[in-house]
Structure formats: structure tokens, C-alpha cells
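Asker: how would this look folded up:
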Amino acid sequence: MVSINNLTVAFGSYVLLDAISFHISDGEKIGLVGKNGAGKSTLMKIILGLEKPDSGRIEMPREQTMGYLPQIMEHGRGLSVLAEVRKACPDAAPGEAEKILRGLGFLPDELERATETFSQGWNMRIELAKILLAKPSLLLLDEPTNHLDIESIEWLEDYLKAYKGAILVVSHDRKFLDGVTTRTVEIMLGRLYDYKVPYSQYVELRKERIAQQTAAYENQQKMIAKTEEFIRTFRYKPTKSNQVQSRIKALEKLERIEIDETDNSTLHVKFPPASRTGDVVYRCTGLEAGYPSESGGMKIVFSGADVEIRRGEKVAFVGRNGEGKTTLMRVITGELEPISGESKLGHNVTLGYFAQNQEDILDPKDTVWSTVERICPAEMRTRLRDLLAQFLFRGDDIDKRVSVLSGGERARLGMARLMLQNRNVLALDEPTNHMDIASKDILKQALQAFDGTLIIVSHDRDFLDGLVDKVYEFRGGRVKEHLGGVQDFLRKLRIDTLQELDRKEVSTAPQAETAAAAQPVQDYGQLRAKSKEEKKKRQRIEFLEKEIAKDEKRMKEIESVLAAPGKDDDIIELTREYLELKRDAEVWTEEWVTLND
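Answerer: Below you'll find the model as predicted:
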């Protein structure tokens with residue numbers, strides 16, 4: 001269907017794409033992955049004819065139709081949402097445009113609103129709906145989940161699974177890639193690696209391939225060294241001349257094994273230890289919040305919100321875009337005054353805020369260096385270059401202006417600024433937008449290790465899974481608490497979403513109330529106590545596993561010494577330590593078994 005042949009793109013001496021080739025067949029669903037700046041968006045633009053390569057060619061049939069969703073786009077104005085989408089494909093089946101728009105999160109009364117009254121994120125959904133309605137034979141989607149909430153991501157995932165055309169999608173959402181794609185193409189250091197499996201399987205297969213290449217390379221190097229040693233030893237001995245010449249020719253003909261080059265540059269994120277706060281970090285009761293409307297009144301985003309966040313909790317705000325997640329974040333940070341109700345930060349809280357719109361927060365005229373130097377504490381100035389290097393800004397990168405940075409680079413710069421401020425509560429609004437998968441994994445690990453309190457807005461299911469222990473859902477102007485992790489919340493949400501999408505007449509609030517009425521009422525205090533007990537149990541199990549592993553490691557070390565003791569080794573002392581470790585390990589293991597029963 002589409003053939004990419006020996007494509008090369010270079011900027012001066014820097015080669016972005018180095019003679020890459022691959023083929024997109026009819027109906028294939030391909031995940032295009034790689035680090036920020038690897039050349040993914042550039043490749044898509046070349047396929048579309050928007051940019052030209054330095055060499056190579058793209059071949060496709062004349063009847064090929066393509067739909068393209070870029071990261072940054074122009075939005076239509078002057079029409080309603082429904083009219084704008086229908087304009088893209090006037091021949092679409094009746095009701096198809098409405099079905100797609102509802103799947104992407106639009107409510108029935110929003111379909112007649114003018115497109116210019118929606119935010120950039122919602123206008124991206126309108127552009128996506130136009131592409132999906134046209135049903136091209138090849139979809140090119142550049143980070144389509146960036147502005148989608150969890151419900152819409154799941155709907156899009158199901159839609160693309162059933163899509164009959166071919167798909168080439170750039171995404172940093174691991175679960176989305178695993179759910180939609182059956183083939184993974186990674187661009188790394190200008191080269192292309194192609195595996196006929198979803199992303200997670202690709203990662204494992206690539207590790208195995210590197211391990212096999214490394215083993216084969218090392219064995220070949222040993223063989224080469226042995227052969228070269230033979231040649232040096234017997235080169236001038238007449239009786240061995242035939243053997244020497246034979247081995248010289250064999251070395252010349254030998255196909256040398258190469259190990260795939262890998263980009264091992266990674267973020268290094270570790271938040272400073274958090275100072276102690278009061279038991280309650282943030283509490284609001286009966287909170288009502290919103291913004292001035294065009295008519296002169298107030299647009300209420302949500303009301304009656306009761307939220308309590310305690311020390312050490314890791315909490316997620318989830319829900320449709322526009323339901324008030326960022327609004328509550330702004331109330332918590334003091335950027336927005338509530339309309340009514342009480343909102344209060346706890347004792348000794350120092351808040352670090354990562355805003356969703358880093359392009360508005362950062363000055364485009366500043367350089368990377370001046371952006372962080374301005375807020376850097378005096379004691380950190382000598383280590384500022386090292387800090388920037390941890391966020392992959394090295395060498396000349398620190399002199400880049402913010403205006404030329406990619407979305408992922410701006411996210412990293414915003415996180416570097418946050419690291420310079422020693423805070424005990426982190427409020428992060430969509431921190432992973434534009435971040436590549438490796439960087440997101442490292443940030444997640446750093447946040448899991450953070451000993452302060454975390455409040456996070458995110459639509460990335462994989463990122464939230466295992467990170468948060470409580471979820472606040474924003475829906476229909478209300479804020480509802482869900483104890484447990486994001487997977488517990490999603491299991492319930494999945495059922496509700498399918499029911500709502502199948503209905504012809506949507507009335508989400510009454511449905512939610514009816515569903516709630518059908519459920520047995522549980523005591524709030526009991527749920528909270530149960531959640532705390534489960535959290536303590538998990539933490540104890542993790543502690544036991546670490547202790548058992550540590551004891552077993554030391555026991556193996558002692559066994560090695562006792563098997564061949566040196567003259568300075570105290571065998572009696574080592575034996576005593578070994579027996580004590582063994583007893584401890586047995587006690588830990590017994591408790592671990594009991595907790596897991």
C-alpha cells in the first residue's frame with residue numbers, strides 16, 4: 001500500500017533518518033515509537049508529502065486516501081461542532097457524525113455550539129472526528145490521546161481496533177499502543193527496528209535480540225582473538241604457512257557481528273525528601289468554582305465538592321475535559337478564588353505546581369539555562385549543569401531557546417524547574433503529555449518513591465496504575481471520591497461508559513443516580529479504614545520481600561566464601577551470621593505467606 005524506500009533526512013552533519021525502509025500493508029495497525037526528537041513526526045510529514053527527504057522515495061497507489069492528525073493544527077471556525085464535522089464528509093451515513101462525536105466526549109447539547117467556543121483540546125477532538133468520519137485507507141495519527149480523557153481514549157481504542165483501513169500511530173501511551181497495534185516500528189538514532197508484535201512484546205523481544213547479539217559478538221571476538229594469536233605465532237614458520245594463509249583469508253571473509261546501536265540516554269529524576277506537613281494536606285467543603293462567562297455572569301464548573309487529601313496520599317483527578325480538574329488544581333494552588341464554600345491548605349504545606357500549558361508558563365525568548373538559573377537557589381548553582389544533564393539537556397542544548405523546544409523537551413524543562421524547589425506537596429497537571437515512554441516510566445518511579453503528597457491530573461492509565469491510591473472523579477458538575485487505584489475505578493467506569501454510549505437519549509446524571517441507588521450503601525468510614533489497612537498490608541509485603549531478598553543475597557555470598565575460605569576469613573563468625581540470616585529469612589517468609597493467604 002505504502003512503501004518507504006531508503007529514506008534519509010539530515011540537518012547538516014546530524015542525520016535524523018538514515019536510509020530507513022519499511023512497508024505499510026492494507027489494514028495494518030502500526031505503532032511508530034521512539035524518543036522525543038527521533039524523527040517520528042518528520043516521517044509522517046514525508047509520507048504525506050508535506051516535507052521532502054534528502055534522499056529516498058515514497059511509493060503508493062494513486063487511489064490512496066490518507067487522514068492526518070498532527071500534534072499542532074489549525075481549527076475550523078464559524079460553524080457548529082456537528083456542521084464542521086459533517087462538512088468533512090457530506091456523504092457519511094446518517095447519525096455517524098453524532099456517534100463519533102459522542103464517543104469522543106461531546107454531549108448532545110454541545111453539538112450545536114460554535115467550534116471557537118471550545119478549547120484547543122476539544123478542537124483537536126473535532127479534527128479527529130472529521131478524519132474518522134472520512135474513513136481514509138490510511139490513518140496517520142500523531143499523539144491522538146494527548147488531549148483525550150480516559151473514557152474517550154478507551155472509546156478511540158475500540159474504534160481503531162475495528163477500523164478496516166491501515167493505521168500508523170505515534171503515541172506514548174503504552175496501553176493504547178498494546179490495545180490498537182499489532183506491529184511496532186521504532187526509530188532510534190536514525191535507524192529503524194521493525195517487529196510484528198504490539199509494543200510491550202516488542203520491548204521484550206528487543207531485549208532478547210540485544211542479549212543474543214551481545215553473546216554472539218563476544219564469542220566471535222574470542223574466536224577472532226584466538227585466530228589472530230595463531231597467525232602472529234606461526235606467521236614465519238614454513239611448516240604452518242598454509243594454515244596461516246587459510247586463517248588470514250577466513251578472517252577477511254568473516255561477516256562481523258554487530259550489536260544494534262541503542263540510545264541509552266535517560267532521565268534521572270529524584271525528588272528531594274519532603275518535610276512533614278499536618279495530617280490533612282488539603283480540604284474543601286461545599287466548594288463551588290467557575291469562571292466569568294461571556295454573558296457577564298459566572299459559568300459554574302462544579303459545585304458541592306467535598307475533598308480531603310491527607311499526608312502521604314497519592315491522589316488522581318480524572319474525568320472528561322472541561323469538568324473541573326484543572327479548575328480545582330488552580331483553586332488548590334491559589335490561582336483561582338472559589339465562588340463559595342471553604343478551601344484550605346494544611347499546616348506547613350509547601351506546594352510545587354506543574355501546569356498543563358508549559359508553553360504559556362515558559363517564556364519563549366528564554367534559553368533553557370536562563371529558565372532554570374532564574375529560580376535556582378544559591379547552593380544549587382554549582383550543580384545546575386548536572387541537573388539539566390539529568391533531564392537530557394547537555395552541551396549546546398542549554399543554549400536553545402524555549403521557542404524551538406519540542407513538547408517533550410518543554411515538559412522536561414518544566415519538571416527540572418520543579419526539582420529546584422523543595423516541596424512537600426506536588427500538584428501535577430498532565431505532566432506526561434508529550435513525554436516519551438521511557439521518560440514517563442522514570443518519572444513514575446520517582447513519584448512512587450516521593451515521600452510527600454501527590455495530586456495529579458492525568459489521562460494516562462498506565463502511568464496512574466500503581467501510582468495513586470485514591471481517585472476523584474469529575475462528572476456532571478460533581479466531584480466523587482473513589483477509594484482504591486485507577487484500575488478499580490476503570491472497571492466500574494467501563495460498564496457505565498458502554499451503557500451510556502448505547503443509549504439514544506443521554507441523561508448521564510439520572511443514570512448515575514439510578515446506578516448509585518441500586519448499589520448497597522457502605523459506610524464511608526469503613527471503606528476508608530479498609531483502604532488504609534490494605535495499603536499497610538501491601539507496604540508490609542513489599543518490605544518483607546526486600547528483606548528476604550537481602551538476606552538470601554548475603555547468604556549466597558557467605559556460601560561462596562565458606563566453599564573456598566581464605567586465610568583471613570573467620571569461618572566461625574561467618575557460620576554464625578549465616579545461621580542468623582537463615583532464621584530471619586524463615587521468619588520473614590512465614591509472615592509473607594500468612595499475609596498473602
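Asker: care to break the protein down by domain?
Answerer: What automatic domain parsing lists as the domains of the chain is 2-201, 280-350+422-510, 527-596.
Asker: Which element, helix or strand, includes Ala427?
Answerer: Per DSSP states H and E: Ala427 is located in strand 425-429.
Asker: where's that strand relative to the chain centroid, distance-wise?
Answerer: Centre-to-centre, strand 425-429 and its host chain are 16 Å apart (CA atoms, centre = their mean, to the nearest Å).
Asker: Same question for stretch 472-481.
Answerer: Computed by CA atoms, centre = their mean, the chain-centroid distance of stretch 472-481 equals 24 Å.
Asker: what ranges do the strands span in the stretch 51-200 of the chain?
Answerer: Remark: strands assigned in the stretch 51-200 of the chain by DSSP state E, counting those that start in this stretch are 55-59, 66-69, 138-142, 166-170, 183-188, 191-195.
Asker: for the ones you listed, which one sits closest to Leu443?
Answerer: Of all the strands of the stretch 51-200 of the chain, it is strand 166-170 that lies closest to Leu443, at 19.3 Å by CB to CB. Heads up, the C-betas are built off the backbone N, CA and C, glycines and all.
Asker: list the contacts for Gln220?
Answerer: Residues near Gln220 by CB atoms under 8 Å, 6 or more residues apart in numbering: Leu254, Arg256, Ile257.
Asker: Who wins on neighbours among these?
Answerer: Greatest neighbour count in the contacts of Gln220, by other CB atoms under 10 Å, goes to Ile257: 14 neighbours.
Asker: hang on, that residue in a strand?
Answerer: No - using DSSP: H, G, I helix; E, B strand; the rest coil, the assignment for Ile257 is coil, not a strand.
Asker: Looking at it now. What's its pLDDT?
Answerer: pLDDT recorded at Ile257 is 78.
Asker: Same check on Leu69?
Answerer: In this model, Leu69 is scored at 90, pLDDT.
Asker: Go ahead and confirm it touches Asp142.
Answerer: Yes - taking contacts as CB atoms under 8 Å, Leu69 lies within contact range of Asp142: 6.1 Å.
Asker: Let me know the helix or strand that the residue nearest in space to the middle of the chain is in.
Answerer: Taking CA atoms, centre = their mean, the centroid of the chain lies closest to Lys440, which sits 4.3 Å from it. Element membership for Lys440, per DSSP H and E: helix 437-449.
Asker: picking up where we left off before, wait, which of the strands of the stretch 51-200 of the chain is closest to Gly297?
Answerer: Taking CB to CB, strand 66-69 is the member of the strands of the stretch 51-200 of the chain nearest to Gly297, at 35.6 Å.
Asker: can you list the residues that contact the closest one?
Answerer: With contact meaning CB under 8 Å, 6+ apart, strand 66-69 is reached by 44, 47-48, 124, 127-128, 131-132, 134, 136-142, 144.
Asker: Please apply the same query to stretch 144-158.
Answerer: Contact with stretch 144-158 is made by 69, 71, 103-105, 120-122, 124-125, 128, 169, 171, 173, 176, 179-180, 318-321, 433-434, 459-461, 490, 493-494, 497, 501, as judged by CB under 8 Å, 6+ apart.
Asker: List phi and psi for the spatially closest residue to Arg247 that is not a sequence neighbour.
Answerer: In this structure, Arg247 finds its nearest non-sequential neighbour in Thr227, 5.2 Å apart by CB to CB, 6 or more residues apart in numbering. Note on Thr227: backbone dihedrals following degrees, to the nearest 10 are phi -70, psi -40.
Asker: residues contacting Thr227?
Answerer: Arg247, Ala250, Leu251.
Asker: hmm, back to that, residue contacts, the residue nearest to the centre of the chain?
Answerer: Going by CB under 8 Å, 6+ apart, Lys440 touches His172, Thr432, Asp460, Phe463.
Asker: remind me which residues of this structure are low pLDDT?
Answerer: Filtered on pLDDT under 70, the chain yields the residue ranges 260-268, 294-296, 358-360, 406, 493-532, 572, 597.
Asker: Pull up the pairing partners for the helix or strand where Val281 lies, direction included.
Answerer: Secondary structure from DSSP H and E places Val281 in strand 280-292. Sheet pairing for strand 280-292, assigned by DSSP bridges, gives strand 298-310 (antiparallel), strand 340-345 (antiparallel).
Asker: do you know which of those lies nearest Glu218?
Answerer: Set against Glu218 and scored by CB to CB, those come closest in strand 298-310, at 52.6 Å.
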